[in-house]
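Asks: show me how the following folds:
(2 chains)
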Protein chains: 2
Amino acid sequence: MRQFYLYPAILFFLWVATGFAPVERLLGVNFMASAQAQGQPTAAQQIPPGTREVPARAIPVPDTVSPQMQAVIARPFDPAFNLVPQTTAEWKARVEKVALATLAGLPKLRETLEVTVQPTTMAGVQVFIVTPKVIAPQNRDRVLMHLHGGVRVFGPGESGTREAILMAGFGGFKVISVDYRMPPDFPFPAALDDAVAVYRNLLQTTDAKKVGIFGASAGGSLTITTLLRAKMEGLPMPGAIAPGTPTVDLTKTGDTLFTNAMVDNFLGTQDGFIRATALLYANGRDLKDPLLSPIYGDVQGFPPAILTSGTRDLYLSNTVRMHRKLRAAGVEAVLQMWEGQSHVQYMSDITAPEVKEYHNEVARFFELHLGR
Amino acid sequence: MRQFYLYPAILFFLWVATGFAPVERLLGVNFMASAQAQGQPTAAQQIPPGTREVPARAIPVPDTVSPQMQAVIARPFDPAFNLVPQTTAEWKARVEKVALATLAGLPKLRETLEVTVQPTTMAGVQVFIVTPKVIAPQNRDRVLMHLHGGVRVFGPGESGTREAILMAGFGGFKVISVDYRMPPDFPFPAALDDAVAVYRNLLQTTDAKKVGIFGASAGGSLTITTLLRAKMEGLPMPGAIAPGTPTVDLTKTGDTLFTNAMVDNFLGTQDGFIRATALLYANGRDLKDPLLSPIYGDVQGFPPAILTSGTRDLYLSNTVRMHRKLRAAGVEAVLQMWEGQSHVQYMSDITAPEVKEYHNEVARFFELHLGR
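Replies: Numbers count the residues shown, from 1 in each chain, chains lettered A, B, ... in the order given. Okay, here's the model as predicted:
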């Protein structure tokens, strides 16, 4: 009795497993025959061969992660997560709302991690210089350039500095966080222009081998397109990069966009809002342009790279595909993966040991690979 | 009309999403109130907070892998995959059936990969010496010890040599494949005793640093428990290890045992057959004994390790957790992940470029880390 809610689920599974037959029998009709009689393809014919029919499931919060990360994994979907703004004003209101929420948390974050943030400009682009209290001697003439995430629309101004504060605070590096221009006002290639302009400017004072570039999600993809453009313009490669769960393919391509749909509690699905942000950014260009979707680019000659994702991440496949592409091109690329985490949750709750460990891993990677 | 089969799925999703309310309303009853009146926990109370309710889905074969790998991913479940043998005779019949099917393919495999296989014994344990036609000069005094997979019951005798043939052929190493004893006749610790005995014997002729150990699934787990036992017995560590999607936890622990259940077309689910093999092997011992489930062991001092899994792998979380545990212990451990692949499919079809690439990666790792 107490498990009465399971019966419909079991019936549903059986119904799927048996090719939907019981419903027809229950109702005393034969939909298939009816469809066939009208010359229409049947359900069985419409499902491509090899398609995996997975029944509905209830997936518990794993006990293999810290209590803080369990709380992050247990978060419900934001009810508004997949609402698509219909006008420029709606896009701006949505971006503004998220920015205000992020900004509210930054003073405490800077204080906790003992980090200072100074706005300035480089090559006409607004940037934030993020400086930790302590920088180890071997890292004092090294610098990390940061390209924030936010599906190419979120994170304007100081609201984009959160990831930089974490890396500066946990990793002990000076970070230059680029406040690149974004849609709806500035679609592609504004963000890329800004990132490359700051990188070029930085090379006037710093050996490229002593520069690392990192970013999460859209920022991870922008990290890679920045290198593609730098190569095209004859600029030297940086010493190392750290693209976190990079959204390197703006098309709906990659197996975990299907297997982890509605399993990832941060993004939910690529359909809807995420697709809308991609189209807004691309502004009519082919989504498979390598400067939009760098998985289609030429990564020969790239510097060492550390890529990160989580087992529930919608963009796990993007990360895995990018890692394999780098390896196939002979790049010293390593992959780290986090148990149970959805998109970018490796930088969610700063009290979670996993978040500290992630930043330690990336900082060690930069220490190992940046020029001395 | 042609998508009539979607309506019940949508209704089911809505019904789950709304807390099962519509069904109650439809039927004009209130199960919750009824349950509460009887002092029983309600459905809402029974579902732990944070549980992710994922609707039924149809997951297409990804187009991001080779045609050969697409065919592997498209394979249907073996109808018998989750039947649990009830008697010793039934276990033996099942093992024999699988062994015969594997053996049938070995002559062609050896011929294609230009590998010879020679049975012999070491320390009283049956082994197979697997030798490729060409061994690069730097690898001539190095040797790989192989511990085959097969959920601790499959792969007796020569039928366990398939993985060793692939590694010898693609990787160009001499391989010693250990025909360790297995249940139902020989449960734990027979397999571990045999693996350690062969390793100890091997050290009489070969510097430990020139020995690599590898294996898939149960063989990956056995690789790690062999090192735990070697440490306990004061034996030196080998030069490097390559546990492929190691089943390092015999309990149902790890997020992808839930998220990838019935997504992995090779294993399906941990419930049923796999659990039965674990209990058969453990023979009454605590499944969390580190020599059964090495995720609970002490991996300090382990040599460099390369771990492998796939995005659809039921044991993705086991692999990820083991990788993180090794990293946390300061071990030079790297992770590689394959798009769309279920358990051990990185060594499925030898004509798939991914299978060749996997072996090249592991061989390069051994070349880099084994003693010179």
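
Asks: quick one: contacts of the helix or strand that contains residue A:193?
Replies: Remark: residue A:193 resides in helix A:190-202, with elements defined by DSSP states H and E. Contacts to helix A:190-202, defined as C-beta atoms under 8 Å, 6 or more residues apart in numbering or on different chains, come from residues A:122-125, A:127, A:143, A:145, A:147, A:152, A:176, A:178-182, A:211, A:213, A:222, A:225-226, A:229-230, A:233, A:235, A:238, A:281, A:291. Quick note: C-beta positions are derived from backbone N, CA and C, even for glycine.

Asks: switch to 7 Å and redo it
Replies: A:122-123, A:125, A:127, A:145, A:147, A:152, A:176, A:178, A:180-182, A:211, A:222, A:225-226, A:229-230, A:235, A:291 (C-beta atoms under 7 Å, 6 or more residues apart in numbering or on different chains).

Asks: and stretch A:148-156, by the same measure?
Replies: A:91, A:95, A:98-99, A:160, A:163, A:177, A:179, A:182-183, A:191, A:215-219, A:274, A:277, A:280-281, A:344.

Asks: only the buried subset of those, as a PyMOL command please.
Replies: Per 16 or more other C-beta atoms under 10 Å in any protein chain shown, the buried members of these correspond to this PyMOL selection:
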select buried, chain A and resi 91+95+98+99+160+163+177+179+182+183+191+215+216+217+218+219+274+277+280+281+344
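
Asks: in strands only, show me the contacts of stretch A:148-156.
Replies: Cross-referencing the contacts of stretch A:148-156 against strands under DSSP state E gives A:177, A:215, A:216.

Asks: quick one: contacts for whichever residue of the stretch 151-300 of chain A sits closest to chain B?
Replies: The stretch 151-300 of chain A approaches chain B most closely through residue A:255 (4.0 Å), counting by C-beta to the nearest C-beta. Each residue near residue A:255 by C-beta under 7 Å, 6+ apart is listed here: A:317, B:62, B:64, B:311, B:312, B:339, B:340.

Asks: which one of those residues is nearest residue B:84?
Replies: residue B:312 (23.2 Å; C-beta to C-beta).

Asks: phi, psi for the closest one please.
Replies: phi -100, psi 10 (degrees, to the nearest 10).

Asks: now, which of the contacts of residue A:255 lie within helices?
Replies: Assigned to helices by DSSP state H, the following of those qualify: residue A:317.

Asks: among the contacts of residue A:255, which one lies nearest to residue B:260?
Replies: Using C-beta to C-beta, residue B:312 comes nearest to residue B:260 of the contacts of residue A:255, at 5.7 Å.

Asks: and the nearest residue in space to that closest one that is not next to it in sequence, how close does it get to residue A:311?
Replies: In space, and not counting its chain neighbours, residue B:312 is closest to residue B:342: 4.6 Å by C-beta to C-beta, 6 or more residues apart in numbering or on different chains. For residue B:342, the distance to residue A:311 equals 14 Å [C-beta to C-beta, to the nearest Å].

Asks: repeat for residue A:274
Replies: Distance, residue A:274 to residue A:311, by C-beta to C-beta: 20 Å.

Asks: how about residue A:334?
Replies: Counting by C-beta to C-beta - residue A:334 and residue A:311 are separated by 17 Å.

Asks: which one of these two has more residues nearby?
Replies: residue A:311 (29 against 19; other C-beta atoms under 10 Å in any protein chain shown).

Asks: strands of the stretch 1-150 of chain A, start to end?
Replies: With DSSP state E, counting those that start in this stretch, the ranges of strands along the stretch 1-150 of chain A come out as A:52-54, A:57-59, A:115-122, A:125-132, A:143-147.

Asks: avg pLDDT for stretch A:191-198?
Replies: Averaging pLDDT along stretch A:191-198 gives 98.

Asks: tell me which residues in that stretch are buried?
Replies: By neighbour count on 16+ other C-beta under 10 Å, the buried set for stretch A:191-198 is A:191, A:192, A:193, A:194, A:195, A:196, A:197, A:198.

Asks: output that stretch as PDB - backbone C-alpha positions only.
Replies: Output in PDB follows, covering the C-alpha atoms of stretch A:191-198 (Å, rounded to 0.1, in the frame of the first residue of the first chain):
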ATOM      1  CA  ALA A 191      33.300  38.900 -26.900                       C
ATOM      2  CA  LEU A 192      36.100  37.300 -28.900                       C
ATOM      3  CA  ASP A 193      37.400  40.600 -30.100                       C
ATOM      4  CA  ASP A 194      37.700  41.800 -26.500                       C
ATOM      5  CA  ALA A 195      39.300  38.600 -25.200                       C
ATOM      6  CA  VAL A 196      41.900  38.700 -28.000                       C
ATOM      7  CA  ALA A 197      42.500  42.400 -27.500                       C
ATOM      8  CA  VAL A 198      43.200  41.900 -23.800                       C
END
